[in-house]
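Peer 1: build me a structure from this.
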Amino acid sequence: MSRYKDAAATHSSLGDVVTVLQDTFEAWRTHLANQDSTAAEEERMWQDRMLPFIEKSINRLLSILRRTTIVHRTRQIPLSGIQYGGVPVDNLHLLYVGPGAECPEGPRHNNDHIDINEISIAPTHDELTTVEPPYLPYNVPGAPHTYPSNSMQRLLDIHFRLLREELM
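Peer 2: Model prediction:
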């Protein structure tokens, strides 16, 4: 499931298989705990090593299933119901503060511009020492932005700013 990303989405029975696997493991672990101490010391050492490993593997499968289920559900939600960081996309318009001259208080620093062609790739001293958070556009459909949605300018602007922030 970790190699084939859409396994849980395309094969709905995988959820049942992992649930049965988890139930069987829990029953086996309970059975081992209830056994009398006649088990050989070597067998006990093996159990002490393997039980956490198996439990971790099952928890990883459950995590992948949960994540896949959430992604699969969000694809079915209409655009107005999408959330970004727990905030509905519709409300991002209320939080939006644009770059450069679009910012109500003015540019955040001397390298804060609306047009990415004017932005120096290397950060300036003023940019590095400012206490204001940088302008980072939301990379989700329907989010507010300077440029119109579905425009090449918007796509380039978003990716340039986010990649530059990663660089910094």
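
Peer 1: quick one: the helices in the protein?
Peer 2: In the chain, the helices defined using DSSP state H lie at 7-10, 13-34, 41-76, 89-95, 125-129, 152-167.

Peer 1: same list (those helices) but as TSV, adding mean pLDDT, distance to G106 and mean neighbour count.
Peer 2: C-beta here means a position set from N, CA and C on the backbone, and glycine is covered the same way. What follows is these, written out as TSV (pLDDT from 0 to 100; distance: least, C-beta to C-beta, whole Å; neighbours: other C-beta atoms under 10 Å):
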stretch	mean pLDDT	distance to G106	mean neighbour count
helix 7-10	68	47	15
helix 13-34	85	53	12
helix 41-76	73	37	12
helix 89-95	72	19	13
helix 125-129	91	13	12
helix 152-167	91	18	14
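
Peer 1: now render the ones you listed as CSV, adding distance to P137.
Peer 2: Output for the helices of the chain, formatted as CSV (distance: least, C-beta to C-beta, whole Å):
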stretch, distance to P137
helix 7-10, 29
helix 13-34, 36
helix 41-76, 20
helix 89-95, 10
helix 125-129, 17
helix 152-167, 5
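
Peer 1: so which of those helices comes closest to H109?
Peer 2: helix 125-129 (4.4 Å; C-beta to C-beta).

Peer 1: CA atoms only for that closest one - export them in PDB, please.
Peer 2: What follows is helix 125-129 as a C-alpha-only set of coordinates in PDB (Å, rounded to 0.1, in the frame of the first residue of the first chain):
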ATOM      1  CA  HIS A 125      18.800  42.000   4.300                       C
ATOM      2  CA  ASP A 126      15.600  43.900   4.900                       C
ATOM      3  CA  GLU A 127      13.600  40.800   3.900                       C
ATOM      4  CA  LEU A 128      15.600  38.500   6.300                       C
ATOM      5  CA  THR A 129      15.200  40.800   9.200                       C
END
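
Peer 1: much appreciated, bye for now.
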